[in-house]
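J.: One predicted model, sequence on top.
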Amino acid sequence: MQLAPSLHRLGNDIVASYLIATPDGITLIDAGLPGMFSDLKRELDAIGRPIDDIRAVILTHGDSDHVGFAERLRRDHGIPVFVHSADADRARGGDKPKTPVGPVRIGPLVRFAAFGVRKGMRPQWLTEVVPLDDDATLDLPGVPRVITIPGHSPGSIAVFSPEVRAVFVGDALTTRHVLTGRTGPGPAPFTDDPAEALASLARIADLDADWVLPGHGPAFRGSPSAAVSAVREAARA
């Protein structure tokens, strides 16, 4: 699905990942669930680009519904996968703390589970990663800048691309809560440290972007400051 010139989304409002597709190549932000590899192939076919145009995968964090098909791209096509060093073990299938589930509504939970069954909730964990350090700007299509925003996980990052005027936030916030169905910017479930995650959003609030793109929920068309304000309001409610 094309959101804007050079900016595409894979998946849907339940689980999403993104492409920055420039003439110089493609940067993939997150890899969703394993079965979303077919979504990737369809989107590449639609824009007339081969898989080998993908220069790298950048993971916003190391959870299973973001690692998805990244190892397949790395193994079969030699595409490097970047993840913050604090989440490298998580992306390899290492231990993850158990977090409170919080409120749940049966309808949204069933839809999330059904999509997971269809697309495969069990990822192939990464065997090799390229570790990211804090606040790096990468020599990749879209000139992505890494912004550390710990809280959802220790190595959670946002990825800001001034070329497509978008900030990709992973699970730093959600625009559709997968367990309750609540829509609009709000805190994401399954967060290691909710207070830290909320505080970290200050690091993206002043970015000059037109899109805030989460791993779960519809694309937010508007400024990061507006999205962050909405998350803070939802957290207070």
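T.: Received the coordinates, thanks. Residues are numbered from 1 along each chain as shown.

J.: Report the helix or strand with the lowest average pLDDT across the chain.
T.: Least confident helix or strand, the chain: helix 106-119 with a mean of 89, by mean pLDDT, DSSP states H and E.

J.: just checking, what packs against that one?
T.: If you count contacts as 3 or more Cβ pairs under 8 Å, 6 or more residues apart in numbering; DSSP states H and E, helix 106-119 packs onto no helix or strand. All C-beta atoms are positioned from the backbone trio N, CA, C, and that covers glycine.

J.: Pull the residues that contact that helix.
T.: 12, 14-15, 32-36, 65, 177-181 (Cβ atoms under 8 Å, 6 or more residues apart in numbering).

J.: ok, now with 6 Å
T.: 14, 33, 35, 36, 178, 179, 180, 181 (Cβ atoms under 6 Å, 6 or more residues apart in numbering).

J.: any idea how far the nearest residue in space to the third one that is not next to it in sequence is from residue 14?
T.: Pointing back at residue 35 there. In space, and not counting its chain neighbours, residue 35 is closest to residue 119: 3.5 Å by Cβ to Cβ, 6 or more residues apart in numbering. Separation of residue 119 from residue 14 (Cβ to Cβ, to the nearest Å): 9 Å.

J.: and if you look at residue 232?
T.: Residue 232 sits 24 Å away from residue 14, going by Cβ to Cβ.

J.: ok, which stretches of this structure are helices?
T.: For the chain, the helices defined by DSSP state H cover 37-47, 64-67, 70-77, 88-91, 106-119, 194-200, 224-236.

J.: returning to what we had before: for residue 232 and residue 14, indicate the residue with more neighbours.
T.: Shown here are residue 232 and residue 14; by other Cβ atoms under 10 Å, residue 14 has more neighbours (21 against 17).

J.: tell me the most buried of the helices of the chain?
T.: helix 64-67 (a mean of 26; mean count of other Cβ atoms under 10 Å).

J.: any chance you could map the strands in this structure?
T.: Using DSSP state E, the strands of the chain run over residues 2-4, 7-11, 16-22, 25-29, 54-58, 81-84, 130-132, 145-148, 157-161, 166-170, 174-176, 183-186, 211-214, 220-221.
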